[in-house]
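In: Structure here, sequence nowhere to be found:
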């Protein structure tokens with residue numbers, strides 16, 4: 001659809017297709033956890049989670065912070081929601097909204113157990129984070145016996161899952177490191193299995209783990225960026241389709257003579273007769289200043305137009321000297337062909353950073369083929 005403003009078009013059919021492809025790589029018994037943190041990677045968590053729940057495509061959701069889980073509950077999401085990085089100040093809300101906290105340190109473990117005892121909780125679901133080499137959150141293998149002693153025979157909680165996070169599953173140069181992480185997580189599982197009489201669900205694979213390490217499926221996988229159409233691997237990318245299209249429009253066209261400057265701090269000085277187009281999207285929308293001065297680009301009438309000068313808060317300025325175009329013409333910032341990944345790489349960053357930066361002021365349009 002042609003646009004007359006800056007919009008983020010989100011294709012829910014492509015979202016479903018991506019999930020079906022990823023699930024085709026799994027055993028029928030493997031559960032699928034959809035990561036919907038950070039506005040579902042820049043989309044809209046409520047819209048994405050609601051669609052996935054309605055279609056029955058996933059078993060679990062994960063968010064980074066309690067506030068994200070609250071928004072889902074208030075929108076009617078009833079599937080289990082794992083909070084990856086809870087803070088003690090939010091324990092009240094976590095219980096009120098039936099969110100499931102990760103226990104990742106002795107401090108968090110003791111504080112949550114004290115809270116659970118004080119509020120007389122019974123078998124409240126918690127998730128145990130195991131550190132296998134990312135060294136960000138979680139218990140080391142030499143700590144797990146002590147934390148299991150703390151948790152076992154405690155009627156206030158029940159360990160629903162234990163999980164770990166692969167650090168470089170997309171990088172086959174780090175295959176030995178990743179395989180060591182998987183091996184270490186199996187050692188965690190052996191200790192946990194010997195502690196609890198009930199079944200604990202295990203999960204370690206992210207999107208690249210699903211694609212590259214099928215032996216590490218365990219009981220569940222966590223999928224984030226793959227659902228949204230990014231494979232982190234050029235060979236596998238054809239099987240996934242980016243679901244986001246960022247479109248805008250040409251507001252005005254200028255012609256610069258040699259020596260004329262453009263934008264803040266005279267970020268571009270014309271060295272030739274230059275035709276420029278002003279587009280209403282800027283760093284307040286997620287197109288950060290790193291894309292300025294020729295690094296970033298957009299597409300107008302199928303032609304690549306580099307960003308000139310500095311990115312403004314609400315606008316970018318692009319060169320259209322050799323592009324036939326008019327004010328009001330549509331602009332593609334990224335889509336399934338001219339991908340967010342290629343735009344991000346032009347500025348030395350990654351697609352995750354670009355897509356999760358999409359401002360909430362951009363109008364989201366949801367389409368189904």
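Out: The structure has been received and is ready for your questions. This is a predicted model, so every value here is computed, not measured.
In: Quote the end-to-end distance of stretch 57-69.
Out: The first and last residues of stretch 57-69 sit 19 Å apart, counting by CA to CA, to the nearest Å.
In: ok, residues contacting it?
Out: For stretch 57-69, contacts defined as CB atoms under 8 Å, 6 or more residues apart in numbering pick out 16, 19-20, 31-38, 45, 49, 52, 72, 77, 79-87, 90, 93-94, 97, 99, 220, 222. Where C-beta positions appear, they are placed from N, C-alpha and C, glycine not excepted.
In: Buried subset of those residues as a PyMOL selection?
Out: Selection command for PyMOL covering only the buried members of the contacts of stretch 57-69, criterion 16 or more other CB atoms under 10 Å:
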select buried, resi 16+19+31+32+33+34+35+36+37+38+45+49+52+72+77+80+81+82+83+84+85+86+90+93+94+97+99+220+222
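In: Helices - which of the contacts of stretch 57-69 land there?
Out: Among the contacts of stretch 57-69, the members falling in helices (DSSP state H) are 16, 19, 20, 37, 38, 45, 49, 52, 72, 93, 94.
In: which ones are touching residue 187?
Out: Taking CB under 8 Å, 6+ apart as the test, what residue 187 contacts is residue 141.
In: which element is it on?
Out: Using DSSP states H and E, residue 187 sits within helix 175-193.
In: Name the residue closest to the centre of this protein, please.
Out: residue 41 (3.5 Å; CA atoms, centre = their mean).
In: thinking again about what came up before, what's the closest of the ones in helices among the contacts of stretch 57-69 to residue 142?
Out: Nearest to residue 142 out of those is residue 94 (CB to CB; 28.5 Å).
In: one step back: need the max-distance pair from the ones in helices among the contacts of stretch 57-69.
Out: Greatest spatial distance among those (CB to CB): 20 and 93, at 34.1 Å.
In: so who does the closest residue to residue 75 other than its chain neighbours touch?
Out: Distances taken as CB to CB, 6 or more residues apart in numbering place residue 46 nearest to residue 75, at 4.3 Å, with adjacent residues excluded. Taking CB under 8 Å, 6+ apart, we find residue 46 in contact with 71, 72, 75, 77.
In: residues near the first one, how many?
Out: The local packing count at residue 71 equals 17, with neighbours defined by other CB atoms under 10 Å.
In: Isn't it up against residue 45?
Out: Yes. Between residue 71 and residue 45 there is a contact at 6.5 Å, judged by CB atoms under 8 Å.
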